[in-house]
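*Asks:* Okay, here's the prediction I keep looking at, along with the sequence it came from:
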Amino acid sequence: MNSSGSAERCDLAPQAIRAALARYSLFDEDAAIDVERLTVREFGDVPLSEAYWDTNFARTVGSIQRAKAGGDGVVLLGGDNGITRAGVFGLGVPLERCGILTFDAHHDLRDLNRGLTNGNPIRALLRDGVPGSQIVQIGIQPFANSAAYADVAREAGISVATVDEVYAAGIQTLVARALAYLSENADVIYVDLDVDVLDRAFAPACSGSRPGGLQPWMLRQAAHLCGQHERVRIMDIVEVDPTKDIADVTCLAAASFLLAFASGMLKRGAK
Ligand SMILES: [Mn+2]
């Protein structure tokens, strides 16, 4: 889907990420896990027209819920970040029982008065009823958000870790802390992985990426930890426009996050 109204082609990402997946093996040497052991079902594409927000929202949520009903975890390949709202509704539990963990350079808290776009899914979800105290945002970049949206985040009680804080504290520490914190009040957790949180050197296919972002290995570790956590039910991977990619670096990174999530899932229940 493309909800940004721009000429970006994030709708081509699922196909490109699937192609990138074929260039990896299935063995996670760090975890000593062969992802081949995981039973995976591919649900195919859910094409979303321009009229998506008005007429196709319920249908999209239904598609996500059908995928979720079949297993322990779902990965949604965007598409742009506009899919996140439908994804959270797809959790199928009351919004006040949901937690959201975003990896994103941006708050995605833009005003709602000009409609729903890839710039305001978190703002829409706050309005819909997800408590701000059950939202954690990791990887927020300097000079990428306006002060007004940082204020919205603070006033809503959203927890924020900037990219510099990730570099100082370590990604594993912050993700583990975020998942434990969200588990205090949320029955289920949704992970929104906006690939523009990466340093632009690794994400030329994301229009929002900037120099100074996270490194691919950090998000790979983050996705693995999320996959491992029992309450994480859905993770989206969004904002990749393959027509802007260079040497497939962004699509390969996105595919590695899916694989890391999958190998994390195989650790569930093993504690
Ligand atoms: Mn985003």
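*Replies:* Nice, I can see it. All figures in this text were calculated on a predicted structure; none of them were measured in a lab.

*Asks:* Report how many residues lie close to residue 226.
*Replies:* Using other C-beta atoms under 10 Å, residue 226 has 26 other residues around it. Where C-beta positions appear, they are placed from N, C-alpha and C, glycine not excepted.

*Asks:* Buried by neighbour count: which residues of the host helix or strand of it qualify?
*Replies:* Using DSSP states H and E, residue 226 sits within helix 216-228. For helix 216-228, the neighbour count (16 or more other C-beta atoms under 10 Å) marks 216, 218, 219, 220, 221, 222, 223, 224, 225, 226, 227, 228 as buried.

*Asks:* Need the mean per-residue confidence for it.
*Replies:* Mean per-residue pLDDT for helix 216-228: 98.

*Asks:* Given the following helix or strand past it, what are its sheet partners and their directions?
*Replies:* Scanning forward in sequence from helix 216-228 by DSSP H and E, the next helix or strand is strand 232-238. Using DSSP bridges, the strands paired with strand 232-238 are strand 74-77 (parallel), strand 188-194 (parallel).

*Asks:* so the longest helix anywhere in the chain versus helix 216-228, what angle?
*Replies:* Counting residues, the longest helix found in the chain (DSSP state H) is helix 249-265. On the basis of axes from the mean of the first three to the mean of the last three C-alpha atoms, to 10 degrees, helix 249-265 is oriented at 30 degrees to helix 216-228.

*Asks:* residues in contact with the lowest-mean-pLDDT helix or strand in the chain?
*Replies:* Here the helix or strand of the chain ranked lowest by mean pLDDT, DSSP states H and E is helix 57-69, holding a mean of 90. Identification of contacts with helix 57-69 by C-beta atoms under 8 Å, 6 or more residues apart in numbering yields 41, 43, 46, 48, 52, 74, 76, 83, 86-87, 89-92, 233-234.

*Asks:* try 6 Å this time
*Replies:* Outside helix 57-69, the residues that touch it by C-beta atoms under 6 Å, 6 or more residues apart in numbering are 43, 46, 74, 86, 89, 90, 92.

*Asks:* Just the closest of those residues to the ion, please.
*Replies:* Closest to the ion out of the contacts of helix 57-69 is residue 86 (14.4 Å), distances taken as C-beta to the ion.

*Asks:* Could I have the CA atoms of the least confident helix or strand of the chain written out in CSV?
*Replies:* C-alpha atoms of helix 57-69 as CSV (Å, rounded to 0.1, in the frame of the first residue of the first chain):
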residue,chain,number,x,y,z
PHE,A,57,-10.0,-0.9,6.4
ALA,A,58,-12.3,-3.6,7.8
ARG,A,59,-11.3,-6.0,5.0
THR,A,60,-7.6,-5.4,5.8
VAL,A,61,-8.0,-5.9,9.5
GLY,A,62,-9.9,-9.1,8.6
SER,A,63,-7.0,-10.3,6.4
ILE,A,64,-4.6,-9.7,9.2
GLN,A,65,-6.7,-11.4,11.8
ARG,A,66,-7.1,-14.5,9.6
ALA,A,67,-3.3,-14.7,9.3
LYS,A,68,-2.9,-14.3,13.0
ALA,A,69,-5.5,-16.9,13.9
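
*Asks:* List the buried residues in it.
*Replies:* 60, 61, 63, 64, 67, 68.

*Asks:* Also stretch 74-93?
*Replies:* 74-91.

*Asks:* thinking again about what came up before, okay if I get the strands paired with strand 232-238 as JSON lines plus mean pLDDT and distance to the ion?
*Replies:* Listed next are those as JSON lines, based on pLDDT from 0 to 100; distance: least, C-beta to the ion, whole Å:
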{"stretch": "strand 74-77", "mean pLDDT": "96", "distance to the ion": "14"}
{"stretch": "strand 188-194", "mean pLDDT": "98", "distance to the ion": "4"}
